[in-house]
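> Okay, predicted coordinates and the sequence, questions at the end:
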Amino acid sequence: MDLTINGRHMDIGDALRTHMQDRIEDINEKYFNRAIEVIVTIGKESSAFLKTHISFRIGQDILIQATAKDTDPYGSFDKAADKASKQLRRYKNRLRDHHERLERTPETEMLKANDYTLASEVFDHIADTEAVNDDKGQDDERFVPKEPAIVAELSTNIQTMTVSEAVMRMDLSAEGAIMFKNSKTNTLNMVYKRADGNIGWVDPDEKLCAVAK
């Protein structure tokens, strides 16, 4: 297991670093002992709070993330570690089965894709543009939005799984949405977190997929 501990605008003493290492190793040993990489980042969120973010990468593209805040660095880390541990405990049996199935999945069954990170400033500019145009009551060519700036590009895999597995993966990763290849329909699907707290599921119509092909 490759463990990286980062302090953002703060110095991590030996005692805190040892505490983090011991807790991460305990969690890893308790749940499968399969963590490939763990990244812990702790830093000042404000004058009063410190925020800890923990990212576990387990096996083949399984990501578990947890974030917590506290006035004390130990409290901040322990809360985040507790969240990660709770998630792993909640999905322990399903994660084991999911991991074993992914290990048997041939590379050819995974879709290669590019994962782009877009600069948020572009969308802020678009919002400002729309506000200015609304005030003017007309369009202004000076405020035509440009193509989004790509600030990061990674290679990723779109994996084949069931809807329930996709929801589990989204919950574990603390992401707002996840795209996957539906194992039952063999089409690209997406699950996402709705503003009302429920889970949305986008499943393309098979007839439309056939026309598109």
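Yes, it's here. Numbering: from 1, shown residues only.

> so Lys181, which of the three states?
Under DSSP: H, G, I helix; E, B strand; the rest coil, the three-state class of Lys181 is strand.

> Isn't it up against Val163?
No: assessed by CB atoms under 8 Å, Lys181 is found out of contact with Val163, at 11.3 Å. Just so you know, the C-beta spots here come from the backbone N, C-alpha and C atoms, and that holds for glycine as well.

> avg pLDDT for the one helix or strand Glu165 maps to?
Using DSSP states H and E, Glu165 sits in helix 163-173. For helix 163-173, mean pLDDT is 90.

> what do you get for stretch 203-213?
60.

> So in the chain, where's the weakest helix or strand by average pLDDT?
When each helix and strand of the chain is scored by mean pLDDT, DSSP states H and E, helix 206-212 comes last, with a mean of 51.

> Give me the residue ranges of this protein where confidence is low.
32, 59-61, 98-110, 118-148, 151, 206-213 (pLDDT under 70).

> let's see it at 80
Residues of the chain that meet the criterion pLDDT under 80 lie in 32-35, 59-62, 92-156, 205-213.

> Show me the helices in it, by range?
Ranges of helices within the chain are 14-30, 73-90, 92-104, 120-136, 163-173, 206-212, based on DSSP state H.

> Now the common contact residues for Lys181 and Val163.
Residues touching both Lys181 and Val163 (CB atoms under 8 Å, 6 or more residues apart in numbering): Asn189.

> and Ala35, how far is that from Thr67?
18 Å (CB to CB, to the nearest Å).

> which of these two has more neighbours?
More crowded of Ala35 and Thr67, by other CB atoms under 10 Å: Ala35, with 22 against 17.

> What are the neighbouring residues in contact with the more buried one?
Met1, Asn28, Phe56, Arg57, Ile58.

> Of the residues you listed, grab the buried ones for ChimeraX.
This is how ChimeraX selects the buried members of the contacts of Ala35, with burial counted by 16 or more other CB atoms under 10 Å:
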select :28,56,57,58
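
> Strands - which of the contacts of Ala35 land there?
Phe56, Arg57, Ile58 (DSSP state E).

> measure the first one to Lys83 for me?
The span separating Phe56 from Lys83 equals 11 Å under the rule CB to CB.

> Break the protein down into its structural domains.
The chain breaks down into these domains under automatic domain parsing: 2-103, 109-212.

> among these, which is the most enclosed?
Burial of these is given as mean neighbour count (mean count of other CB atoms under 10 Å); domain 2-103 ranks first at a mean of 16.

> re the thing from before, for the ones in strands among the contacts of Ala35, which one is nearest Ala149?
If you rank those by distance to Ala149 using CB to CB, Arg57 comes first, at 27.4 Å.

> ok, the nearest residue to that closest one once chain neighbours are set aside - contacts?
Spatial nearest neighbour of Arg57, excluding adjacent residues (CB to CB, 6 or more residues apart in numbering): Glu37 at 4.4 Å. Going by CB under 8 Å, 6+ apart, Glu37 touches Met1, Asp2, Leu3, Thr4, Ser55, Phe56, Arg57.

> need the contact list for the closest residue in space to the fourth one that isn't next to it in sequence.
Using CB to CB, 6+ apart and skipping residues adjacent in sequence, the residue nearest Thr4 is Ile39, 4.8 Å away. Residues in contact with Ile39, defined by CB under 8 Å, 6+ apart, are Leu3, Thr4, Asn6, Ile54, Ser55.
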